[in-house]
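Student: here you go, sequence then predicted model.
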Amino acid sequence: MSHAALRVGICGVGTVGLATLEILRGQSLALTARCGQPLSVTCVGSRREHPDHDYGDARVSRDVMDVARDPEVDVLVELIGGTSVAYDLIKLAIEQGKHVVTANKALIAEHGNELIAMAESAGVQIRFEAAVAGGIPIIKALREAVAANQVSEVAGIINGTGNFILTEMTTKGRAFDDVLSEAQTLGYAEADPTYDIDGTDAAHKLVILASLAFGIPLNIDAPVKHGIQEVTPADLEYAGELGYRVKHLGIARQKDAGIEMRVHPTLIPESKQLANVDGVLNAVMVVGDAVGELVLVGAGAGGAATASSVCADLIDIARNPAGSGPALGVPVAQLTAKPLVPAGDIASEWYVRLTAADQPDVTSKISQILTSCNIGIASLVQKPSSADEGKAPIVLLTQIARESVMTQAIDEICGLVETDPDVAVLRVESFDQ
Ligand SMILES: NC(=O)c1ccc[n+]([C@@H]2O[C@H](COP(=O)([O-])OP(=O)(O)OC[C@H]3O[C@@H](n4cnc5c(N)ncnc54)[C@H](OP(=O)(O)O)[C@@H]3O)[C@@H](O)[C@H]2O)c1
């Protein structure tokens with residue numbers, strides 16, 4: 001597949017598609033020098049007419065499948081999103097012998113094993129740097145830069161919208177809905193922000209990171225999933241008083257019992273680097289046996305940052321048309337499933353906020369229950385009561401306990417006549433192990 005130019009077909013001209021076109025046009029001379037050939041957009045797939053868009057000399061097709069069939073396209077760039085049209089489109093492109101670049105984490109997490117295996121058989125590349133952490137080159141880092149390591153952990157802030165919302169709520173006391181609509185205006189949020197909020201988007205990305213880190217097949221069902229909708233302004237405030245920041249983390253960790261995979265809001269000590277990654281920034285920490293701890297920080301969403309990664313994949317394909325190694329670090333057929341640690345067995349420190357009658361013996365009853373469950377108490381504070389109801393919030397931090405034990409203790413605490421059933425329970429990660 002050697003041409004005077006690498007011929008690119010772009011499907012989907014929304015936030016990322018337009019930003020990709022802008023970089024390819026604006027940087028064309030530099031890209032030609034860096035790739036040894038121009039990156040030329042020969043075809044654009046856009047289901048609607050956008051009179052304000054400028055596609056240069058590219059042919060425009062209303063049917064995106066035409067781009068996959070176009071003989072004048074070497075690489076199909078899928079920037080539509082979702083797992084239906086995008087799936088059919090990428091399959092067709094591979095069948096037509098085209099390389100594929102995508103920013104679609106949902107698709108890679110759900111259908112990546114099949115699509116990548118197809119691409120490997122067809123001798124074409126499928127690349128997805130933009131699918132995880134926007135502009136941060138974490139896929140390349142795991143696949144290439146730390147390939148000499150046994151990776152024991154990948155953890156980080158991998159949803160820009162969620163981090164933007166939590167940061168604005170924490171630092172400016174803004175309301176959740178208000179910040180979410182700003183994130184949508186700024187192009188950070190997914191078209192349907194449900195996945196940003198309920199942890200699904202971060203789970204998709206974690207599935208991809210875990211596959212690269214541990215050589216396991218992509219398994220969309222693996223992560224334990226909690227979203228930022230579980231965090232209240234009160235918890236952000238109490239966490240701050242205790243010296244913590246609340247971040248939505250994705251964590252994939254290799255333990256003796258198997259692999260832990262989880263996404264959830266997490267209290268992190270303020271002194272830790274991840275606690276201070278704010279706004280739309282993402283951060284991914286990788287722990288390898290040779291390299292030690294590595295942290296990459298950068299824009300996790302937004303058109304330009306994401307398009308930077310899309311273009312990086314195009315540049316790689318132009319430079320290495322025969323490929324620069326398997327998409328997931330090893331060929332799909334050599335990925336090996338490992339046991340997953342069940343949610344109940346995942347241990348951590350815990351933050352708990354509950355509301356109880358403002359009576360002197362309540363805290364000792366709660367302490368007794370935790371002690372009877374072998375859960376150590378790191379701190380337990382009864383806040384001032386709200387005058388009208390005679391009830392007071394109780395905020396406590398525990399030492400390390402398994403989730404199943406914690407759940408049992410919380411059930412017993414909620415069974416006390418003095419406590420309300422509404423309890424907030426969040427994991428705490430101090431990254432000291
Ligand atoms: N935005 C980010 O910050 C970001 C970051 C990382 C990864 N991503 C990923 O990048 C991809 C694109 O995201 P985006 O933010 O650019 O989305 P977007 O702004 O909503 O753009 C999506 C584009 O795809 C088109 N499209 C949607 N459904 C289609 C269909 N059934 N057939 C043909 N075209 C269709 C839309 O067409 P219309 O113009 O007709 O609606 C639109 O042009 C997604 O996979 C997303 O997860 C985005």
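Tutor: Yes, it's here.

Student: secondary structure of I413: a helix, I assume?
Tutor: Yes - looking at I413 with DSSP: H, G, I helix; E, B strand; the rest coil, it is inside a helix.

Student: OK, contacts around it?
Tutor: The contact partners of I413, by CB atoms under 8 Å, 6 or more residues apart in numbering, come to L354, I366, I369, L370, T419, V423. No exception for glycine: its C-beta is placed from N, CA and C like everyone else's.

Student: give the other helices and strands that the strand or helix carrying the second one contacts.
Tutor: According to DSSP states H and E, I366 maps onto helix 362-372. The elements that helix 362-372 packs onto, with contact taken as 3 or more CB pairs under 8 Å, 6 or more residues apart in numbering; DSSP states H and E, are strand 347-357, strand 377-382, strand 391-398, helix 403-414.

Student: need the strands for the stretch 101-250 of the chain, in chain order.
Tutor: 126-127, 151-157, 224-225, 244-255 (DSSP state E, counting those that start in this stretch).

Student: next up, the contacts around the nearest residue to D63 once chain neighbours are set aside.
Tutor: Excluding its sequence neighbours, the residue lying closest to D63 (CB to CB, 6 or more residues apart in numbering) is G45, at 7.2 Å. Listed by CB under 8 Å, 6+ apart, the contact partners of G45 are G9, I10, C11, G12, V60, S61, R62, D63, V64, M65, D66, V67.

Student: contacting residues for the closest residue to the ligand within the stretch 301-433 of the chain?
Tutor: The nearest approach of the stretch 301-433 of the chain to the ligand comes at A301, 3.4 Å away (CB to the nearest ligand atom). Contact partners of A301, counting by CB under 8 Å, 6+ apart, are G134, N159, G160, T161, G187, Y188, A189, V280, N282.

Student: cool, G81 as well?
Tutor: G81 neighbours (CB under 8 Å, 6+ apart): G12, A103, N104, A106, E190, A191.

Student: do P331 as well
Tutor: Shown in contact with P331 (CB under 8 Å, 6+ apart): E120.

Student: how about it, phi and psi?
Tutor: Summarising the backbone geometry of P331 under the convention degrees, to the nearest 10, its torsions are phi -60, psi 150.

Student: what's the answer for D57, then?
Tutor: Here is the backbone geometry of D57 (degrees, to the nearest 10): phi -90, psi 0.

Student: just the one 10 residues further on next, same as before
Tutor: Phi and psi for V67, reported as degrees, to the nearest 10, are phi -70, psi -40.

Student: would you agree M169 is in contact with L236?
Tutor: Yes - here M169 reaches L236: they are 5.8 Å apart, a contact under CB atoms under 8 Å.

Student: any chance you could map the helices in the protein?
Tutor: 15-26, 28-35, 64-69, 85-95, 105-122, 138-140, 160-172, 176-185, 194-197, 200-214, 233-241, 303-319, 362-372, 403-414 (DSSP state H).

Student: before we move on, back to that, quick check: which of the contacts of A301 are also close to the ligand?
Tutor: Checking these against the ligand by CB under 6 Å from any ligand atom, the ones in range are G134, G187, Y188.

Student: export those residues as a markdown table, with columns for pLDDT and neighbour count.
Tutor: Compiled in a markdown table, the ones next to the ligand among the contacts of A301 are given as follows (pLDDT from 0 to 100; neighbours: other CB atoms under 10 Å):
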| residue | pLDDT | neighbour count |
| --- | --- | --- |
| G134 | 95 | 29 |
| G187 | 83 | 17 |
| Y188 | 84 | 29 |
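
Student: between the contacts of I413, which is closest to L79?
Tutor: Using CB to CB, the shortest approach to L79 within those belongs to V423, at 42.0 Å.

Student: skip the chain neighbours and tell me the closest residue to that closest one.
Tutor: Beyond its immediate neighbours in the sequence, the residue positioned closest to V423 (CB to CB, 6+ apart) is L354, lying 4.5 Å away.

Student: same check, this time on Y87
Tutor: Excluding its sequence neighbours, the residue lying closest to Y87 (CB to CB, 6+ apart) is H111, at 5.6 Å.

Student: let me see the confidence value for the one you found.
Tutor: At H111, the model reports a pLDDT of 98.

Student: go on, L294?
Tutor: In the prediction, the pLDDT value recorded for L294 is 96.
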